[in-house]
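J.: Sequence and computational prediction follow.
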Amino acid sequence: MSAAPGAEAGTVRTRTGSAAATEALGEALAAALEVGDVVVLSGPLGAGKTRLVAGVARGLGCAARVRSPSFTLINEYRGRIRLVHLDLYRLETDDADGLGLDEQLERGAIVAEWGEKLPAWLRAEALAIELEVGAGDERRLSARAAGGRGARLLAAFGAAAGGEAA
Ligand SMILES: Nc1ncnc2c1ncn2[C@@H]1O[C@H](COP(=O)(O)OP(=O)(O)O)[C@@H](O)[C@H]1O
Ligand SMILES: [Mg+2]
């Protein structure tokens, strides 16, 4: 893992060489997560979004194993705080309104795969992580913050990635 020099201001870039390394990033991020936080994960199938969530769950001390939801949009895991794991792959545009996410946010932290489908108000205070598939097991991650909550999480992510939140 390394943070590429020259990342534009406000973006933390790193790369991982294994699923375990991606999970370790999630685990480190979990230490900074608080109730009401939102993490938006984007990237194609197989990019490692679910592995990252599994690391977050481990970092929060959640006992249950994180799985890729096939038909459910929401999985919840209990740890230091409640982890609300969304996978919005199958979500039709604007259907997020029916998920009761305002209440979920009062009860835990939301980590959303295909999180770019979340309504704008949920992405306004969030850490957004884009995952790209590189050669073999390489994954490139770039993280950006929106709002104060996002900035706090970006700093934690940057520290976990061994770089700085420029
Ligand atoms: N660096 C890496 N980070 C994350 N996953 C990786 C990495 N290298 C290989 N993999 C593999 O890629 C797959 C990622 O799957 P998953 O996390 O379910 O992706 P997504 O949720 O983005 O569709 C897993 O089979 C995992 O073992
Ligand atoms: Mg997934």
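T.: Perfect, thanks for sending it. Residues are numbered from 1 along each chain as shown. Ligands and ions are numbered 1, 2, ... in the order given.

J.: Not including adjacent chain positions, what is the nearest residue to the spatially most central residue of the chain?
T.: In the chain, the residue lying closest to the centroid (C-alpha atoms, centre = their mean) is residue 39, at 4.2 Å. Of all residues not flanking residue 39 in the chain, residue 111 sits nearest, at 4.4 Å (C-beta to C-beta, 6 or more residues apart in numbering). For glycine as for every other residue, the C-beta is placed from the backbone atoms N, C-alpha and C.

J.: Pull the contacting residues for the one you found.
T.: Contacts for residue 111 (C-beta atoms under 8 Å, 6 or more residues apart in numbering) come out as 38, 39, 41, 52, 53, 56, 83, 84, 85, 86.

J.: Are any of these buried, and if so which?
T.: With burial judged by 16 or more other C-beta atoms under 10 Å, the buried subset of the contacts of residue 111 is 38, 39, 41, 52, 53, 56, 83, 84, 85, 86.

J.: Next up, the contacts around the residue of the chain found nearest ligand 1.
T.: Closest residue of the chain to ligand 1, C-beta to the nearest ligand atom: residue 48 (2.7 Å). Neighbour list for residue 48: 16, 19, 22, 131, 139 [criterion: C-beta under 8 Å, 6+ apart].
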